[in-house]
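# Here is my input; please provide its structure:
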Amino acid sequence: MMDWLTKSDSTLILDGLMSLVLLAVVLIVRSLLVRAISRNQSLAVEARRRWAINVRNTVAVTFAIGLIFIWAHSLSAFAVSLAAVAVALVLATKELLLCLSGAVLRVGTNVYSLGDRIEIHGLRGNVLDQNWLATTLLEIGPGHTSQQYTGRAVVFPNSLLLSHPLINETYMKAYIVHVITIPLAVDDDWRKAELVLLEAARAECSPFLEEARRHMKQVEGENWLDAPSVDPRVTIHLPEPGRINLLLRVPSPGQRTSRVEQAILRRFLSEFNAGKTDKGAAV
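Down below sits the predicted model:
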């Protein structure tokens, strides 16, 4: 009996030492790889960040697999009670397993990647970091229609991907289709407002309109879908009595939506209100 205990203790000590050696190796490898990526100035900042995150996640998975191989023979001695331990472990780590499952769903479906602008469960922002447990967003707000950064980082567990729908606003990557709402009263000259709005949109979008059109054609071919037209369009919406909403749909660079929207709104307000000012001066 004492010999068995001595042998078991020796095995545990050896496994523990091997685990420490494995930990040291993976930490050194990760540090070297991340340092090499950060010093590679030929890569863009987003590309370096993406490679660093991939290295970190890959090293973590490799370490976990290595631990399984190291401790597998020791765990075989407890095979009789393993089922009960597994059930207790699942119950104790339910949220952790859900986060891992959400990460597997994210990787398997490629629902979003670094730099994408997403919204889930009331949280909205650009993806700043992602790992096997959580995703970090650079928050955009306040409100659903704002395009400004709040300066806050929001971290949500990947388990939300299993229970809530996710919206990827930059699914088309380089260029997206953006909708701007212009509220008017029923006694406003909505026909003039529509013309002024279209002129403002065409003027602000003209520098990148052809490039956006080519990008949409490329997306159409790669994803087998009917890509939306990039020409600015206005539709009319009657949300309630006494109100008219003009919905302007325009193309926009994925990371410059706020600038394009603000430029269009400022040009529209200046030109639309100019007519009212002239009329008031004439009276």
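# Show me which helix runs longest in this protein.
helix 2-39 (DSSP state H).
# Now do it, average pLDDT.
What helix 2-39 shows for mean pLDDT is 78.
# other SSEs contacting it?
helix 45-75 (3 or more Cβ pairs under 8 Å, 6 or more residues apart in numbering; DSSP states H and E). Backbone N, C-alpha and C define where each C-beta goes, glycine included.
# Give the buried residues for the helix it packs on.
48-52, 55-56, 59, 63, 66, 70 (16 or more other Cβ atoms under 10 Å).
# what's the answer for stretch 210-218, then?
212-213, 215-216.
# Among the residues you listed, list the two that are farthest apart in space.
213 and 215 (7.3 Å; Cβ to Cβ).
# domain assignment for this protein?
2-77, 93-169, 175-282 (automatic domain parsing).
# Excluding covalently adjacent residues, which one is nearest to residue 127?
Once flanking residues are discounted, residue 127 sits nearest to residue 116: 5.1 Å by Cβ to Cβ, 6 or more residues apart in numbering.
# What of residue 208?
residue 253 (6.5 Å).
# My read is that the one you found contacts residue 174, right?
Yes. Residue 253 is in contact with residue 174 according to Cβ atoms under 8 Å; the separation is 6.8 Å.
# circling back to that earlier point, tell me, what's the model's pLDDT at the residue nearest to residue 127?
Looking at residue 116, the pLDDT reads 89.
# and what of residue 221?
71.
# what about it, distance to residue 247?
Remark: distance between residue 221 and residue 247 (Cβ to Cβ, to the nearest Å) = 28 Å.
# More neighbours: these two, which one.
residue 247 (14 against 10; other Cβ atoms under 10 Å).
# Look up the closest residue to residue 63, ignoring the ones flanking it.
residue 26 (4.7 Å).
# just the strands in the protein please.
117-120, 123-130, 134-140, 149-157, 166-168, 175-185, 233-237, 243-253 (DSSP state E).
# partner strands of the shortest one, parallel or antiparallel?
Meaning strand 166-168. strand 117-120 (antiparallel) (DSSP bridges).
# Same check on the last one?
According to DSSP bridges, strand 243-253 has the following sheet partners: strand 175-185 (antiparallel), strand 233-237 (antiparallel).
# Tell me which of those strands sits most buried.
Of all the strands paired with strand 243-253, strand 175-185 has the most neighbours on average by mean count of other Cβ atoms under 10 Å, namely a mean of 17.
# Report the mean confidence score over that strand.
On average, strand 175-185 scores 91.
# now stretch 55-65
88.
# Repeat that for stretch 126-134.
92.
# What are the buried residues along that stretch?
So for stretch 126-134, counting by 16+ other Cβ under 10 Å, buried means 126-130, 132-134.
# List every C-alpha atom in it, with coordinates, as CSV.
Extracted in CSV, the C-alpha atoms of stretch 126-134 (Å, rounded to 0.1, in the frame of the first residue of the first chain):
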residue,chain,number,x,y,z
ASN,A,126,-16.4,48.4,-32.7
VAL,A,127,-14.8,45.0,-31.8
LEU,A,128,-11.6,45.9,-30.0
ASP,A,129,-10.6,42.5,-28.7
GLN,A,130,-11.9,38.9,-28.6
ASN,A,131,-10.9,35.7,-27.0
TRP,A,132,-12.5,32.4,-26.0
LEU,A,133,-14.5,33.9,-23.1
ALA,A,134,-15.4,37.5,-23.9
